[in-house]
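Sharing a model prediction with you, sequence too.
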Amino acid sequence: MPAKVSDEIAAQLEALGIRRGDYTLEPLNRIQKLIATRLTDAARDIPTFPLTIELVIDALLALRTEFNQSKSVRVSVNDLIVKACAIALGEVQAVNSSFTPLGIVRHSQADIAIAVATNWGLITPIIFAAQDKNIIQICAAARDLSDRARAGKLQSDEYVGGTFAISNLGMFGITSFASIINPPHSAILSAGAAKPSVVVAESGEMRTAMVMNVTLTCDHRVIDGVTGAKWLNALRGIVEQPKQLFD
């Protein structure tokens with residue numbers, strides 16, 4: 001809860017460049033401290049670069065509508081992106097890695113963290129072994145983790161670790177952005193809002209399609225540009241031919 005600031009605290013804030021005035025101070029809780037430390041370390045210590053690609057998601061949206069109409073659950077686009085990423089991590093396994101001082105860890109399963117907004121900031125609960133889950137199981141896991149994250153009921157082992165992460169700001173109208181890597185991951189995918197765009201088919205014919213921009217932020221110590229590009233192209237192939245996502 002915000003609190004009135006004592007003279008002692010006000011003096012410390014003033015030394016940091018914050019002038020005395022009419023303000024309150026919200027002390028950091030344990031999770032906020034953890035997030036701040038990890039992301040500061042990542043921004044300072046990890047050499048990163050972004051790669052952006054466009055995904056045509058008309059087929060995915062159509063199959064999602066058909067699937068949701070036939071089931072008792074409502075699968076989200078983000079659930080499908082999680083599943084697609086899990087498959088792509090199996091196809092280009094170098095992206096599913098962690099840099100450590102002891103060497104590069106190559107993970108055998110896709111433990112995918114999903115960014116969830118809470119009252120105290122973003123937290124990234126993990127869908128473990130996403131490659132072995134069908135889309136209904138991923139949907140249920142994502143909903144359960146998101147609900148408990150917002151209620152502050154996650155255990156630390158549910159949001160610390162993982163092998164890859166996804167941040168989706170499409171629901172807020174953001175079309176393109178690049179996220180900070182959350183160690184020990186070597187990459188994070190940032191998904192923007194889909195919007196109508198003109199695309200050109202291989203035949204040269206132009207048409208309007210729903211297009212989503214996604215950006216892969218890569219740890220250059222583990223993932224080079226070619227590897228990142230191969231992974232994004234694998235993801236595009238899965239998303240644009242999406243039947244396997246519903247198996």
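Nice, I can see it. Numbers count the residues shown, from 1 in each chain.

Only alpha carbons, please: show the lengthiest strand in the chain as PDB.
In the chain, with assignment by DSSP state E, the single longest strand is strand 206-219. What follows is strand 206-219, C-alpha atoms only, in PDB (Å, rounded to 0.1, in the frame of the first residue of the first chain):
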ATOM      1  CA  MET A 206      -2.700  -9.400 -53.900                       C
ATOM      2  CA  ARG A 207      -5.300  -9.900 -51.200                       C
ATOM      3  CA  THR A 208      -6.200  -8.600 -47.700                       C
ATOM      4  CA  ALA A 209      -5.200 -10.800 -44.800                       C
ATOM      5  CA  MET A 210      -4.900 -10.600 -41.100                       C
ATOM      6  CA  VAL A 211      -1.200 -10.200 -40.300                       C
ATOM      7  CA  MET A 212       0.500 -10.400 -36.900                       C
ATOM      8  CA  ASN A 213       4.000  -9.100 -36.300                       C
ATOM      9  CA  VAL A 214       6.200 -11.100 -34.000                       C
ATOM     10  CA  THR A 215       9.700 -10.300 -32.700                       C
ATOM     11  CA  LEU A 216      12.200 -12.800 -31.400                       C
ATOM     12  CA  THR A 217      14.700 -11.200 -29.000                       C
ATOM     13  CA  CYS A 218      17.800 -13.400 -29.100                       C
ATOM     14  CA  ASP A 219      20.800 -13.900 -26.800                       C
END
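
Just list whatever residues bridge to the residue nearest to residue 189 when sequence neighbours are not counted.
Nearest-residue entry for residue 189: residue 166, 4.9 Å, with adjacent residues in sequence omitted and distances by CB to CB, 6 or more residues apart in numbering. Yep, even glycine has a C-beta here, placed from its N, CA and C like the rest. Judged by DSSP bridges, the bridge partners of residue 166 are residue 114, residue 189.
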